[in-house]
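1. The following block contains a protein sequence and its predicted model.
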Amino acid sequence: MNAFFIGIGGMGMSGLAKILHSEGFKVAGSDRNLEGDYCRRLQELGVKIYPQDGKGPELFMQDTGLKAAEFKIVKSTAVEDQVPDVQTAQRLGVEQIMRSDLLAGMFNARKGIAIGGTAGKTTTTGLVAWILKYAGREPSCAVGGIIAGLDTNAFRGAGPNFVIEADESDGSIVKYKPWISLVTNISRDHKSLDELKTLFAEFFANTAPDGLRLVCADDPNAMSLRATCKAEVKTYGLHTEADFMATGLLMDTETATFSVDGVPFTIKMPGEHNVLNSLAAIATAKMCGLQLEEIAEAMRAFPGMKRRFEKVGSVGGVTVIDDFAHNPAEIAAAIQAARKSSVRRFIVYQPHGFGPTSFTRDDLIEVFSGLQENEFLFLDDIFYGGGTVSRDISSEEIVRSVKNRFKNAFYTGNRDEIVSRIVAEAENGDMVLVMGARDINVICHQVLKGLPARQKCAA
């Protein structure tokens, strides 16, 4: 399918554009930020990207010779009707489809493995795709993060499996008809628990008649799906009796070791949550017919996911971590992992969008209010992606609420000040944990750059 992607620089959009391009179709797109990482990656492959000013669809037709009926406009729920390129597509009579419908069409044509859940699904998806590829199964994949060893978020393989990260935030998870369906956990994020349970129940119901279902036994909300599902549901877990369990767990600052049915595993990802993600991937790969020994070999070689508790660097004993965590469950898991490998923690968080932040406000306050005395919280301004969303909440207001129970919470409204305070106060053994789904991670290198200068002055 020839396609023009509006908002092609987004994680999900860029992945599908790459897959179509690799299949030989004519692909282009537009974006507000032509300098973004995913735009750069596509341009290096030869995909042309236009400014999002309404001229892109016509220029694409001129450059390729395509007529309006010979390609489709692909957009996501984040793209509003007043975006100039959408209006141009309407004027030209080009058919418009949603990103999720394009992905569902690709996925449902294969023996699909869909991984859903409020947290952990990106790492788990990357792991499953890596294991299958390492084992020579040549899967296709579309995931919401960069698999470090492959340096990509999407690829097309000749094998029967298509591994995807299934998104529940926009309800599109019910469009997929998987062979294996997996739910890592369920917690409030974008939607209420009742809404989420209904979506995930339908996700399970859409699984193929000969398909397999898997949930985390340690998560009560995910386990509620097992109680209501008429088909068999397999389980994995650390603290609850499950079909796939880790024994002899040992964790240090950078790795975890454990055994599954007597087979030893080593992963280069710290934190109990990553052990659970690994168990989910092990169970899925086993369901695909792989032996535990070859799964263990693949996992030893797995370099991790970009921006998932990724060590950016260390200077003078101060370690800087970049993490994509953007909802309360993910934030709590990242902080818990950080506590196992640092003396003090400087925690920086950029809230993701006004709507999601408003919806999870109380949960965010609860997580941050539970921080320890040797932790320091800095909130960046809420990321605004455009549109007409109500801006009835602010990072400053969240910090004020957190301060009622946790005094080391700060809002400055200035990233440079956040960096300078951390650089001035961080000491040997401390960790800087930078979290958020957007561009807050740019301060990671700023902190690392500032630390040597401070140490030189101190000497």
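-> Right, received. Where do you want to start? This structure is a prediction, so every number in the text was calculated from the model and none was measured.

2. Restrict the helix or strand where Leu364 lies to CA atoms and write it as CSV.
-> Taking DSSP states H and E as the definition, Leu364 sits inside helix 361-369. Coordinates of each C-alpha in helix 361-369 appear next as CSV, following Å, rounded to 0.1, in the frame of the first residue of the first chain:
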residue,chain,number,x,y,z
ARG,A,361,-3.1,13.3,38.9
ASP,A,362,-4.0,11.6,42.2
ASP,A,363,-1.9,8.5,41.3
LEU,A,364,1.1,10.6,40.4
ILE,A,365,0.8,12.6,43.7
GLU,A,366,0.6,9.3,45.6
VAL,A,367,3.7,7.9,44.0
PHE,A,368,5.8,11.0,44.5
SER,A,369,4.5,11.6,48.0
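
3. Make 3 the first number, not 1, from now on.
-> Okay, residue one is now 3; in that scheme the one you just asked about reads as helix 363-371.

4. And it, what's buried?
-> Across helix 363-371, burial judged by 16 or more other C-beta atoms under 10 Å covers Arg363, Asp365, Leu366, Ile367, Val369, Phe370. Placement of C-beta: from N, CA and C, glycine included.

5. wait, the third one sits on Ile400?
-> This points to Leu366. Yes. Between Leu366 and Ile400 there is a contact at 6.3 Å, judged by C-beta atoms under 8 Å.

6. Identify the contacts common to the two.
-> Pro353, Thr359 (C-beta atoms under 8 Å, 6 or more residues apart in numbering).

7. low pLDDT regions in the stretch 203-352 of the chain?
-> Within the stretch 203-352 of the chain, no stretch has pLDDT under 70.

8. got it, and the stretch 353-461 of the chain?
-> Judged by pLDDT under 70, the stretches of the stretch 353-461 of the chain that qualify are 387-391, 455-461.

9. where do the helices sit along it?
-> In the stretch 353-461 of the chain, the helices defined using DSSP state H, counting those that start in this stretch lie at 356-361, 363-371, 397-404, 417-427, 445-460.

10. repeat for the stretch 3-152 of the chain
-> Using DSSP H, counting those that start in this stretch, helices in the stretch 3-152 of the chain cover 13-24, 39-47, 58-66, 86-94, 101-110, 123-136.

11. what's the angle between the last one and helix 13-24?
-> It stands for helix 123-136. Orientation check (axes from the mean of the first three to the mean of the last three C-alpha atoms, to 10 degrees): helix 123-136 against helix 13-24 gives 30 degrees.

12. for helix 123-136, packing partners?
-> With contacts defined as 3 or more C-beta pairs under 8 Å, 6 or more residues apart in numbering; DSSP states H and E, helix 123-136 has these neighbours: strand 113-118, strand 142-149, strand 163-167, helix 274-289, helix 294-303.

13. starting at the chain centroid, how far to the fourth one?
-> Relative to the centre of its chain, helix 274-289 is centred 16 Å away, using C-alpha atoms, centre = their mean, to the nearest Å.

14. do the third one as well
-> For strand 163-167, the separation from the chain centroid amounts to 14 Å (computed by C-alpha atoms, centre = their mean).

15. What pairs with it, parallel or antiparallel?
-> Sheet pairing here is set by DSSP bridges, and for strand 163-167 it gives strand 113-118 (parallel), strand 142-149 (parallel).

16. Toward the C-terminus, what is the element adjacent to it?
-> Remark: after strand 163-167, the chain's next helix or strand is strand 182-185, criterion DSSP H and E.

17. packing partners for the helix holding Leu366?
-> Other helices and strands packing on helix 363-371, by 3+ C-beta pairs under 8 Å, 6+ apart, are helix 330-341, helix 397-404.

18. what do you get if the cut-off is 10 Å, keeping everything else the same?
-> In this structure, helix 363-371 packs against helix 330-341, strand 347-351, strand 377-381, helix 397-404, strand 411-413, with contacts taken as 3 or more C-beta pairs under 10 Å, 6 or more residues apart in numbering; DSSP states H and E.

19. can I get these in CSV with distance to Thr90 and mean neighbour count?
-> Compiled in CSV, those are given as follows (distance: least, C-beta to C-beta, whole Å; neighbours: other C-beta atoms under 10 Å):
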stretch, distance to Thr90, mean neighbour count
helix 330-341, 37, 21
strand 347-351, 38, 24
strand 377-381, 38, 24
helix 397-404, 36, 18
strand 411-413, 40, 20
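
20. can you list these in TSV and add distance to Met3?
-> Shown next, in TSV, are these (distance: least, C-beta to C-beta, whole Å):
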stretch	distance to Met3
helix 330-341	34
strand 347-351	39
strand 377-381	42
helix 397-404	41
strand 411-413	46
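
21. and stretch 298-310, which residues are buried?
-> Within stretch 298-310, the residues that count as buried by 16+ other C-beta under 10 Å are Ala298, Ala300, Met301, Phe304, Gly306, Met307, Lys308, Arg309, Arg310.

22. Please name the residues that touch the fifth one.
-> When contacts are counted by C-beta atoms under 10 Å, 6 or more residues apart in numbering, Gly306 is found next to 125, 128-129, 132, 147-151, 269-271, 276, 312-313.

23. Quick check: chain neighbours aside, which residue is closest to Leu366?
-> Closest residue to Leu366 apart from its sequence neighbours, by C-beta to C-beta, 6 or more residues apart in numbering: Pro330 at 5.6 Å.

24. State the distance from Asp55 to Pro330.
-> Using C-beta to C-beta, to the nearest Å, Asp55 is found at 37 Å from Pro330.

25. ugh, wrong one, Ile75
-> Ile75 sits 35 Å away from Pro330, taking C-beta to C-beta as the criterion.

26. re earlier: now render the helices of the stretch 3-152 of the chain as CSV, adding mean pLDDT and mean neighbour count.
-> Listed next are the helices of the stretch 3-152 of the chain as CSV, based on pLDDT from 0 to 100; neighbours: other C-beta atoms under 10 Å:
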stretch, mean pLDDT, mean neighbour count
helix 13-24, 92, 23
helix 39-47, 90, 16
helix 58-66, 95, 18
helix 86-94, 94, 17
helix 101-110, 94, 20
helix 123-136, 94, 27
